[in-house]
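**Student:** show me the folded form of this:
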Amino acid sequence: MADSIITQDLITLDVDLGTGKESVIAALAERLAGVGRAADATALRDAALARESQSATGLPGGIAIPHCRAGTVITASVAFARLAPSVDFGAPDGPADLVFLIAAPEGAGAEHMKLLSGLARALVKPEFVGDLRAAATAADIVTLVEAVFGPPSPVTGSQRTPTVADTAPASTTTAAEDEEQGAERAIVAVTACPTGIAHTYMAADSLVAAGKRAGVTVHVETQGSSGSTPLGHATIAAAAAVIFATDVGVRGRDRFAGKPVVESGVKRAINEPDGMIADALRAADDPAAATVADSEFGEKPSTAPAPGAIGWGTRLRQILLTGVSYMIPFVAAGGLLIALGFLLGGYEISEKAKSIVLDNSLGALPDGGLATYLGAVMFQLGSLAFGFLVPALAGYIAFAIADRPGLAPGFTAGAVAVFVGAGFLGGLAGGVIAGFAALWIAKLAVPRWARGLMPVVVIPLFASLVVGAVMFIVLGKPLAAVTTGLTNWLNGLSGTSAVFLGIILGLMMCFDLGGPVNKAAYSFAVAGLSVTDTASLRIMAAVMAAGMVPPLAMALATTIRPGLFTTAERENGKAAWLLGASFISEGAIPFAAADPLRVIPSMMAGGAVTGALIMTTGTTLSAPHGGIFVFFAVGHLLWFLAALAAGAVVGALCVTVAKELVRARPATSPATVTVV
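**Tutor:** Numbers count the residues shown, from 1 in each chain. Predicted structure coming up:
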């Protein structure tokens with residue numbers, strides 16, 4: 001195999017490499033550096049030990065797989081040692097005598113990552129491990145490892161050597177197998193580890209094998225470095241429960257909202273897969289079991305059939321939504337702190353907060369005492385957090401395009417947008433430019449010695465130069481002029497035009513219940529939010545109140561006419577009271593997913609009423625999140641509550657009448673009511 005990840009000079013058999021894993025890893029790192037596969041053995045050792053400190057890499061059966069990504073690695077490689085005596089790598093059943101040091105360069109290609117993860121997955125197969133122990137020579141070890149990646153053998157059954165076909169990103173059964181299994185229950189799972197090289201894929205295979213032993217079909221989404229095939233919406237909807245075996249966050253967690261869930265680190269799925277399957281089946285049968293919570297700030301799953309099959313319009317929408325999703329926590333935290341500052345120090349605190357914080361302390365309070373001082377601290381802290389709004393938006397738009405190398409130029413583009421006054425529009429444009437600049441630079445062919453510098457020096461430097469020049473010289477002033485013009489237009493709205501804007505915002509907030517249209521209206525409101533700008537405060541009030549309408553309207557509808565709803569929907573209705581009061585529009589998603597043609601238009605009607613009333617009465621809001629719990633930040637609180645109640649009543653009446661008069665089409669399967 002050309003450019004093999006393992007060769008005979010990377011193999012050490014039946015040797016004593018010391019009594020601790022540090023000495024074993026150091027010896028294998030020296031072996032990789034000695035044959036020119038790593039530039040610095042010490043740096044490679046330190047990177048592997050740093051990964052080891054996150055979680056032990058010992059596995060049951062006397063195996064250890066220390067691994068890392070490091071800039072010092074020149075080509076993806078594996079060093080192997082069969083130890084005598086064995087060394088403790090933290091496995092629950094004792095020390096390891098088979099050790100693979102898996103080393104990948106920072107910019108390892110997809111093919112190399114697939115090979116490395118394929119090796120890791122082969123290690124969960126007892127016959128492969130037994131062959132490693134029985135091998136007489138280094139050449140035998142190379143043959144065994146390379147067979148993992150070779151073409152399928154004509155031998156069938158348990159004698160077949162694992163191949164790359166066994167290492168597909170998603171471990172699922174075929175359609176034919178599912179048909180044969182008939183009514184067999186299904187579980188979905190997500191596995192992920194910090195480096196995404198080894199444990200991610202071993203956990204996936206362990207869960208699939210445990211599922212077969214338990215008579216359960218297990219579909220796994222591996223969120224690792226060799227690529228991932230996202231689980232389909234239908235597969236998720238049909239599953240009895242979900243397993244999250246991860247040491248990092250789950251991408252697209254909201255797709256599993258409402259499913260009974262079992263969560264653990266990735267190592268438990270490798271060491272105790274049967275226990276995890278049993279726990280998931282118990283959770284599926286327990287109405288009180290923990291479920292995956294919906295998130296106001298999570299990204300919504302794409303409806304695209306598969307990566308690479310989507311159009312540029314859909315891809316751009318996903319990119320922009322990534323930026324908005326990461327921006328909103330800054331907005332929520334900063335905005336609520338600002339609102340608390342107003343509560344304690346009054347609205348005038350905005351003019352003197354900085355000087356109070358810098359010139360006073362708990363031992364030297366300003367005029368107004370402790371409340372004024374704490375109000376100033378909270379306002380200033382919130383203002384600083386709020387100041388990250390545009391940089392975070394631009395930074396994570398660039399991240400969605402170019403991954404981590406896009407972060408620095410993206411944040412820089414956002415900072416430039418703030419500096420020149422281009423605001424939210426500048427952040428959008430700058431993030432896209434920064435991301436594509438970073439992506440283009442990353443694709444340039446560079447010498448092997450420079451690869452380690454690309455993601456940490458070259459790409460951020462030159463992408464920042466490109467986007468900075470474009471923003472300062474070309475786009476900054478025009479976008480600033482557009483932003484200023486839009487602000488002036490909003491400030492000039494009154495009468496009919498203001499009411500019309502409220503209706504539009506209300507319709508947008510209720511159209512997709514937390515999706516792109518909802519987020520666009522919300523981002524428009526928070527981007528212009530300013531305590532000195534009354535128009536922006538009215539817009540914020542209209543957006544938040546309208547966004548609270550759908551869950552409250554559905555909760556009210558299930559209360560006044562429970563017979564029109566299923567038992568599950570009536571239970572969801574009870575929870576929707578709190579979700580609506582907290583400004584979590586997604587509380588209405590279970591109803592909309594089950595009956596979109598009658599629910600969504602009804603919610604839009606209610607949202608339009610609320611938005612119009614908010615703008616008509618001049619109600620204001622200085623906090624960007626919190627729902628009814630930030631009542632102290634509302635101007636004309638009674639009108640706010642009246643508008644919210646009116647919208648909820650209209651929405652509830654509309655959906656009730658629609659369900660009474662318009663017969664729904666029969667559901668094709670129970671899963672249709674659980675799609676999120």
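
**Student:** switch to C-alpha atoms for all contacts and neighbour counts from now on
**Tutor:** Will do.

**Student:** Ile423 and Val416, how far apart?
**Tutor:** No, residue 423 isn't Ile; it's Gly. For Gly423, the distance to Val416 (C-alpha to C-alpha, to the nearest Å) stands at 9 Å.

**Student:** residue nearest the centroid of the chain?
**Tutor:** Arg251 (3.6 Å; C-alpha atoms, centre = their mean).

**Student:** OK, contacts around the residue nearest to that residue when sequence neighbours are not counted?
**Tutor:** Distances taken as C-alpha to C-alpha, 6 or more residues apart in numbering put Gln223 closest to Arg251, at 7.7 Å, once the chain neighbours are dropped. Gln223 sits next to Val190, Thr191, Ala192, Gly196, Thr200, Val250, Arg251 when contact means C-alpha atoms under 8 Å, 6 or more residues apart in numbering.

**Student:** pick the one among the residues you listed closest to Ala134.
**Tutor:** Lowest distance from Ala134 to the contacts of Gln223 (C-alpha to C-alpha) belongs to Thr200, with 27.1 Å.

**Student:** so the residue nearest to the closest one when sequence neighbours are not counted versus Phe386, what's the distance?
**Tutor:** In this structure, Thr200 finds its nearest non-sequential neighbour in Ala192, 4.6 Å apart by C-alpha to C-alpha, 6+ apart. According to C-alpha to C-alpha, Ala192 and Phe386 sit 32 Å apart.

**Student:** do Ser536 as well
**Tutor:** For Ser536, the distance to Phe386 - C-alpha to C-alpha - is 15 Å.

**Student:** Asp9 too?
**Tutor:** Asp9 is 56 Å from Phe386, by C-alpha to C-alpha.

**Student:** so which of those two has more stuff around it?
**Tutor:** Phe386 (24 against 15; other C-alpha atoms under 10 Å).

**Student:** and the nearest residue to the more buried one once chain neighbours are set aside, what does it touch?
**Tutor:** Closest residue to Phe386 apart from its sequence neighbours, by C-alpha to C-alpha, 6+ apart: Gly334 at 4.7 Å. For Gly334, the contacting residues are Leu381, Gly382, Ser383, Leu384, Ala385, Phe386, by C-alpha under 8 Å, 6+ apart.

**Student:** quick revisit: as CSV, the contacts of Gln223 with distance to Ala557 and secondary structure would be great.
**Tutor:** Listed next are the contacts of Gln223 as CSV, based on distance: C-alpha to C-alpha, whole Å; DSSP: H, G, I helix; E, B strand; the rest coil:
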residue, distance to Ala557, secondary structure
Val190, 36, strand
Thr191, 39, strand
Ala192, 41, strand
Gly196, 46, coil
Thr200, 44, helix
Val250, 34, coil
Arg251, 34, coil
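
**Student:** reformat those as JSON lines; add distance to Ile63.
**Tutor:** Formatted as JSON lines, the contacts of Gln223 follow (distance: C-alpha to C-alpha, whole Å):
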{"residue": "Val190", "distance to Ile63": "23"}
{"residue": "Thr191", "distance to Ile63": "20"}
{"residue": "Ala192", "distance to Ile63": "20"}
{"residue": "Gly196", "distance to Ile63": "18"}
{"residue": "Thr200", "distance to Ile63": "16"}
{"residue": "Val250", "distance to Ile63": "27"}
{"residue": "Arg251", "distance to Ile63": "29"}
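
**Student:** are any of those buried, and which?
**Tutor:** Val190, Thr191, Ala192, Gly196, Thr200 (16 or more other C-alpha atoms under 10 Å).

**Student:** just give me the closest of the residues you listed to Gly258.
**Tutor:** Distances from Gly258 to the buried ones among the contacts of Gln223, taken by C-alpha to C-alpha, are shortest for Val190, at 15.6 Å.

**Student:** surely the closest one touches Arg251?
**Tutor:** No. Using C-alpha atoms under 8 Å, Val190 is not in contact with Arg251; the gap is 9.1 Å.

**Student:** how about the strands in this structure?
**Tutor:** 11-15, 58-59, 63-64, 67-70, 77-87, 96-105, 170-171, 186-192, 217-222, 241-246, 261-264, 620-621, 634-635 (DSSP state E).

**Student:** look up how far Gln8 lies from the residue sitting furthest away from the middle of the chain.
**Tutor:** Largest separation from the mean C-alpha position in the chain: Ala136, at 46.5 Å (C-alpha atoms, centre = their mean). Counting by C-alpha to C-alpha, the gap from Ala136 to Gln8 is 12 Å.

**Student:** please save the CA atoms from stretch 378-397 in PDB.
**Tutor:** Extracted in PDB, the C-alpha atoms of stretch 378-397 (Å, rounded to 0.1, in the frame of the first residue of the first chain):
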ATOM      1  CA  MET A 378     -23.900  44.400  36.000                       C
ATOM      2  CA  PHE A 379     -24.500  47.000  33.300                       C
ATOM      3  CA  GLN A 380     -20.800  47.200  32.400                       C
ATOM      4  CA  LEU A 381     -20.400  43.400  32.400                       C
ATOM      5  CA  GLY A 382     -23.500  43.100  30.200                       C
ATOM      6  CA  SER A 383     -22.200  45.800  27.800                       C
ATOM      7  CA  LEU A 384     -18.900  44.000  27.400                       C
ATOM      8  CA  ALA A 385     -20.600  40.700  26.700                       C
ATOM      9  CA  PHE A 386     -23.000  42.400  24.300                       C
ATOM     10  CA  GLY A 387     -20.000  43.900  22.500                       C
ATOM     11  CA  PHE A 388     -19.200  40.400  21.300                       C
ATOM     12  CA  LEU A 389     -22.400  40.200  19.300                       C
ATOM     13  CA  VAL A 390     -21.100  41.100  15.900                       C
ATOM     14  CA  PRO A 391     -17.600  39.600  16.300                       C
ATOM     15  CA  ALA A 392     -19.100  36.300  17.500                       C
ATOM     16  CA  LEU A 393     -21.600  36.300  14.600                       C
ATOM     17  CA  ALA A 394     -18.800  36.900  12.000                       C
ATOM     18  CA  GLY A 395     -16.400  34.500  13.700                       C
ATOM     19  CA  TYR A 396     -18.700  31.600  13.700                       C
ATOM     20  CA  ILE A 397     -20.000  32.200  10.200                       C
END
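
**Student:** got the buried residues for it?
**Tutor:** Quick answer for stretch 378-397 (16+ other C-alpha under 10 Å): 378-383, 385-397.

**Student:** what sits against Leu337?
**Tutor:** Contacts of Leu337 by C-alpha under 8 Å, 6+ apart are Met378, Phe379, Leu381, Gly382.

**Student:** pull the number of nearby residues for Ala290.
**Tutor:** 15.

**Student:** contact partners for it?
**Tutor:** Neighbours of Ala290 in contact, by C-alpha under 8 Å, 6+ apart: Pro260, Val261, Val262, Ala283.

**Student:** let me have these in JSON lines, extended by distance to Gly341.
**Tutor:** Below are the contacts of Ala290 laid out as JSON lines (distance: C-alpha to C-alpha, whole Å):
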{"residue": "Pro260", "distance to Gly341": "40"}
{"residue": "Val261", "distance to Gly341": "39"}
{"residue": "Val262", "distance to Gly341": "40"}
{"residue": "Ala283", "distance to Gly341": "43"}
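
**Student:** could I get the residues you listed as a markdown table with neighbour count, pLDDT and distance to Ile319?
**Tutor:** Rendered in a markdown table, the data for those read as follows (neighbours: other C-alpha atoms under 10 Å; pLDDT from 0 to 100; distance: C-alpha to C-alpha, whole Å):
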| residue | neighbour count | pLDDT | distance to Ile319 |
| --- | --- | --- | --- |
| Pro260 | 25 | 91 | 30 |
| Val261 | 24 | 90 | 28 |
| Val262 | 24 | 91 | 30 |
| Ala283 | 21 | 90 | 35 |
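
**Student:** fine by me, thanks again.
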